[in-house]
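1. Below are the sequence and a predicted model for it; my questions follow.
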Amino acid sequence: MALQLECNNEQEILEIGNDLIELLNTLLQKAGEAEGVTEGEVALTFVTDEEIHALNREYRGIDRPTDVLSFAMNESVEEEQEIVYELEEGEELDGFGDMLGDIIISVETAQAQSEEYGHSLYREIGFLFVHGFLHLLGYDHQDEASEAEMMSKQEAVLAQAGLTR
């Protein structure tokens, strides 16, 4: 099984066509290859500022919209209850075994940022997608060194796909 991308569109600002999905799939494969991740599934959802604002407030306690949110399946929260499945001999558990996590992108914020930075909307969405994917793998940008590492990895993947500034 290779890396799989599942796209969901919950906004009407931008038509999500096959060309964008193919680009994102290419970015996923390239980012996975760069990180040594060859299997798994990523669910990507395009939303409005209003929707990402609600998610940002609920899950991060930040009361404003943001550009991208990532929810890794392998992260655990202290209060999270462990789920124990009892299986019969020979029975397999279907479900989230290969799920890396969810990435949510605000199309409204991506559009504004692409204009602000003077590059295409596809480049901005690609940047946000790779950024979110790296978060799913455990990368963060809490300090200058980790931010520089993440930025370098993102730019390398985008350059491979021809999405330069």
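-> Received it, and whenever you're ready, just let me know what you need.
2. ok, Met99 to Ala43 distance?
-> 7 Å (Cβ to Cβ, to the nearest Å). (C-beta placed from N, C-alpha, C; glycine too.)
3. Revised request: answer the last question for Gly126.
-> Noted for Gly126: a distance of 17 Å to Ala43, by Cβ to Cβ.
4. Repeat that for Gln29.
-> Relative to Ala43, Gln29 is positioned 16 Å away (criterion: Cβ to Cβ).
5. Helices of the protein, residue ranges please.
-> Under the criterion DSSP state H, the chain carries helices at the ranges 18-35, 49-60, 107-117, 121-136, 144-160.
6. how about the second one: buried residues?
-> What it means is helix 49-60. Neighbour-count burial for helix 49-60, with 16 or more other Cβ atoms under 10 Å as criterion, is recorded at Asp49, Glu51, Ile52, His53, Leu55, Asn56.
7. now for those, which pair is the farthest apart?
-> Checking the buried residues of helix 49-60 against each other with Cβ to Cβ, the farthest-apart pair comes out as Asp49 and Leu55, at 10.8 Å.
8. coming back round to it: most tightly packed of the helices of the chain?
-> Burial of these is given as mean neighbour count (mean count of other Cβ atoms under 10 Å); helix 121-136 ranks first at a mean of 23.
9. which helices and strands does it pack with?
-> Packing partners of helix 121-136 (3 or more Cβ pairs under 8 Å, 6 or more residues apart in numbering; DSSP states H and E): helix 18-35, strand 40-47, strand 68-72, strand 99-106, helix 107-117, helix 144-160.
10. what is the orientation angle of that helix with helix 18-35?
-> With axes from the mean of the first three to the mean of the last three Cα atoms, to 10 degrees defining the directions, helix 121-136 sits at 40 degrees from helix 18-35.
11. From the rest of the structure, what touches helix 121-136?
-> Contact with helix 121-136 is made by 14, 20, 23-24, 27-28, 31-32, 35, 42, 44, 67-70, 72-73, 100-101, 103-105, 107, 110-111, 113-114, 117, 150, 153-154, 157-158, 161, 163-165, as judged by Cβ atoms under 8 Å, 6 or more residues apart in numbering.
12. what's the model's confidence in it, averaged?
-> Helix 121-136 carries an average pLDDT of 97.
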